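Trainee: Show me the folded form of this:
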Amino acid sequence: MKRYYIVILTLITVAFITSCNIVDSITGKNDDATVELYPVQVGGQWGYINKNGRIEINPQFQSAAPFYEGLAAIRESNRWKYINSRGDVVIDGNFSSISRFSEGKAAVQLDGRWGYINKKGNFVINPKYRSAFPFSNGRAFIRSVNFSEHYYIDAGDKRIQSLTLPGSVDYVEDNEFRDGRAMVRRQNLFGYIDKDGNAVVDLKYSEARPFSERLAAVRISDRWGFIDGNGDVAITPGFISVGDFGDGLAPARASSNLFGYVDKAGNFVIGEQFEVAEPFTEGRAAVFVDGRWTFIDKKGNTITSPKFDDVRPFYNGLARVTILVPVGENIQTHRGYINKSGQYVWYPTN
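Mentor: Alright, predicted model coming up:
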């Protein structure tokens with residue numbers, strides 16, 4: 001669960017989250033700085049705008065996701081495909097489901113099984129897995145076709161094994177390598193491995209978070225702290241809840257039901273005042289206040305009033321925001337984009 005430290009959400013927000021489709025599920029953290037195009041929905045069809053809010057690819061798709069490594073996943077005629085920045089379909093493989101490109105490969109599902117294709121649309125790892133996740137640091141997390149095992153493979157489809165970790169690990173949602181480390185779980189205990197599959201931090205924590213900016217949050221007894229890549233304590237456990245580091249700050253709460261932000265010395269630089277707090281990206285962080293979302297800067301100042309029902313992190317200078325609009329007995333989902341000043345560059349549409 002991405003927002004694992006959420007305590008309370010309004011019913012309307014829960015209703016939105018449970019209705020998310022693949023467009024939301026594959027967005028992830030976007031670090032593609034080469035294609036500054038953003039998916040928008042107009043009259044039920046999806047297209048793309050540029051950073052100034054001008055339509056660059058006309059709305060024509062059933063679904064559309066952000067660009068990763070120059071390509072974006074779209075759905076038309078009930079089939080998943082990839083387009084380039086001009087809107088041309090460059091990969092059409094009759095896939096039942098697809099994911100974003102990462103390190104030159106994308107996981108795709110064909111006839112119920114997952115494999116990996118390259119940017120030409122050719123399989124570089126044949127579809128033989130029950131599930132498959134994006135590559136990171138040359139490794140990908142997969143599930144065997146008989147559901148029995150989760151493990152990592154390298155770019156050549158070789159299984160990563162070591163003498164210091166069980167051959168199979170349990171499923172974790174945050175399974176990508178960060179800072180050369182991946183979080184693993186076995187029999188309800190968490191630890192961390194390196195790219196060779198060797199345990200660099202033993203399986204000993206009942207709760208943990210993946211590495212972010214070379215630190216990982218772990219729970220020791222009833223308090224959270226942070227360890228470094230060698231497993232040494234970097235920030236003393238003293239927090240009730242914490243999130244991941246971004247831009248040198250991490251969400252945390254120590255003495256109340258509200259979140260603030262701490263630096264890498266464990267000191268609060270933004271006081272505990274938010275119901276929910278997300279990590280910083282591009283100098284902005286999403287926070288939940290009085291039942292609505294907004295964003296703050298690194299001084300803790302809000303860039304808009306709390307008015308959004310859902311938000312996504314900033315990437316390439318813009319953040320997608322969602323407003324739920326009652327229409328009769330139904331609720332419509334309207335999505336737009338704001339810039340770092342909190343101004344709309346695309347007013348929410350559906």
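Trainee: quick one: contacts for the residue nearest to Val345 when sequence neighbours are not counted?
Mentor: Once flanking residues are discounted, Val345 sits nearest to Gly53: 3.9 Å by CB to CB, 6 or more residues apart in numbering. Just so you know, the C-beta spots here come from the backbone N, C-alpha and C atoms, and that holds for glycine as well. Gly53 makes contacts with 337, 344-346, as judged by CB atoms under 8 Å, 6 or more residues apart in numbering.
Trainee: before we move on, what about Glu149?
Mentor: Going by CB under 8 Å, 6+ apart, Glu149 touches 143, 167-168.
Trainee: didn't Arg214 look like it was pressed against Phe226?
Mentor: No. Using CB atoms under 8 Å, Arg214 makes no contact with Phe226, being 9.6 Å away.
Trainee: Which residue comes closest to Gly115 once chain neighbours are left out?
Mentor: The nearest residue in space to Gly115 (CB to CB, 6+ apart) is Pro127, at 3.4 Å.
Trainee: Select from the contacts of Gly53 the one having the most neighbours.
Mentor: Tyr337 (23 neighbours; other CB atoms under 10 Å).
Trainee: Kindly tell me how buried Val42 is, as a neighbour count.
Mentor: 15.
Trainee: before we move on, what SS does the residue nearest to Val345 have?
Mentor: At Gly53, secondary structure determined by DSSP: H, G, I helix; E, B strand; the rest coil is coil.
Trainee: so where does the residue nearest to Ser221 when sequence neighbours are not counted fall, helix or strand?
Mentor: In space, and not counting its chain neighbours, Ser221 is closest to Pro237: 7.1 Å by CB to CB, 6+ apart. When secondary structure is defined by DSSP states H and E, Pro237 falls within strand 233-239.
Trainee: Relative to the whole chain's centre, how far out is that strand?
Mentor: On the basis of CA atoms, centre = their mean, to the nearest Å, strand 233-239 sits 25 Å off its chain's mean C-alpha point.
Trainee: before we move on, what about stretch 184-201?
Mentor: How far stretch 184-201 lies from its chain's middle: 21 Å, per CA atoms, centre = their mean.
Trainee: Looking at Arg214 and Phe226 now, which is surrounded by more residues?
Mentor: Comparing Arg214 with Phe226 by other CB under 10 Å, the one with more neighbours is Phe226, at 26 against 15.
Trainee: Tell me the strands beside the host helix or strand of Phe190, with direction?
Mentor: In this assignment (DSSP H and E), Phe190 forms part of strand 189-193. When pairing is defined by DSSP bridges, strand 189-193 lines up against strand 182-186 (antiparallel), strand 199-205 (antiparallel).
Trainee: Highest mean neighbour count out of these?
Mentor: strand 182-186 (a mean of 22; mean count of other CB atoms under 10 Å).
Trainee: Helices of the protein, residue ranges please.
Mentor: When assigned using DSSP state H, the helices of the chain occupy the ranges 11-17, 22-25.
Trainee: These: lowest mean pLDDT?
Mentor: Looking at the helices of the chain, the lowest mean pLDDT belongs to helix 11-17 (a mean of 35).
Trainee: Distance check, Arg292 against Asn52.
Mentor: 26 Å (CB to CB, to the nearest Å).
Trainee: Please identify which of these two sits among more neighbours.
Mentor: Counting neighbours by other CB under 10 Å for Arg292 and for Asn52 shows that Arg292 has the greater number, 19 against 11.
Trainee: so what's the more buried one closest to, chain neighbours aside?
Mentor: Looking at Arg292 with CB to CB, 6+ apart, the closest residue is Pro306, at 3.7 Å.
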